[in-house]
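Participant: Quick check, what structure comes out for this input:
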Amino acid sequence: MEYFEWFETYKPKKNHLNRNHDTEMFETYDIELGYVLATADLEPNRVWTLIEGDVGLWIVNGYHLVNRLGYYITEKPFEGDFIEILDTLFEEDEEEV
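Facilitator: Residues are numbered from 1 along each chain as shown. Okay, here's the model as predicted:
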């Protein structure tokens with residue numbers, strides 16, 4: 001699954017806690033992490049983790065600690081086993097610079 005297909009399918013929610021940036025990603029510390037953890041406790045199938053892998057950035061379903069860069073909370077929950085999406089959004093941003 002590509003990033004934009006994932007975005008349209010699962011619909012990540014806006015980060016309402018970060019008033020300085022228009023983003024869907026939640027940080028890995030402070031109040032934003034608390035919100036992610038609370039959501040993971042109640043609805044774990046709506047939390048996704050942005051991780052740095054060997055060949056780029058990946059969005060994987062579930063709450064993860066290793067190589068995490070941020071979190072997403074989606075309107076639509078995921079079902080089933082492991083899902084991973086190569087995050088090409090950042091690659092496109094780098095090419096424009």
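Participant: in the chain, which spans are strands?
Facilitator: 47-53, 56-61, 68-73, 84-86 (DSSP state E).
Participant: Which one of those strands lies nearest to Glu5?
Facilitator: Among those, strand 84-86 comes nearest to Glu5, with 8.1 Å by C-beta to C-beta. From N, CA and C alone the C-beta is placed, and that goes for glycine too.
Participant: Return the distance of that closest one from the chain's centre.
Facilitator: 10 Å (C-alpha atoms, centre = their mean, to the nearest Å).
Participant: Mind giving me the packing neighbours of it?
Facilitator: On a contact count with 3 or more C-beta pairs under 8 Å, 6 or more residues apart in numbering; DSSP states H and E, strand 84-86 meets helix 3-10, strand 56-61.
Participant: between these, which gets nearest to Glu32?
Facilitator: Nearest to Glu32 among the helices and strands packed on strand 84-86 is strand 56-61; the distance by C-beta to C-beta comes to 16.7 Å.
Participant: Show me which positions of the closest one end up buried.
Facilitator: Neighbour-count burial for strand 56-61 flags 57-61 (criterion: 16 or more other C-beta atoms under 10 Å).
Participant: Identify, from the residues you listed, the entry nearest to Leu42.
Facilitator: Asn61 (16.0 Å).
Participant: Do I have it right that Trp48 meets Tyr72?
Facilitator: Yes: the pair Trp48 / Tyr72 is scored as a contact, 4.3 Å apart, by C-beta atoms under 8 Å.
Participant: For the longest helix seen in the chain, give me every contacting residue.
Facilitator: For the chain, the helix with the greatest residue count under DSSP state H is helix 30-42. Residues outside helix 30-42 that contact it (C-beta atoms under 8 Å, 6 or more residues apart in numbering): 15, 17-18, 26-27, 46-47, 63, 71, 73.
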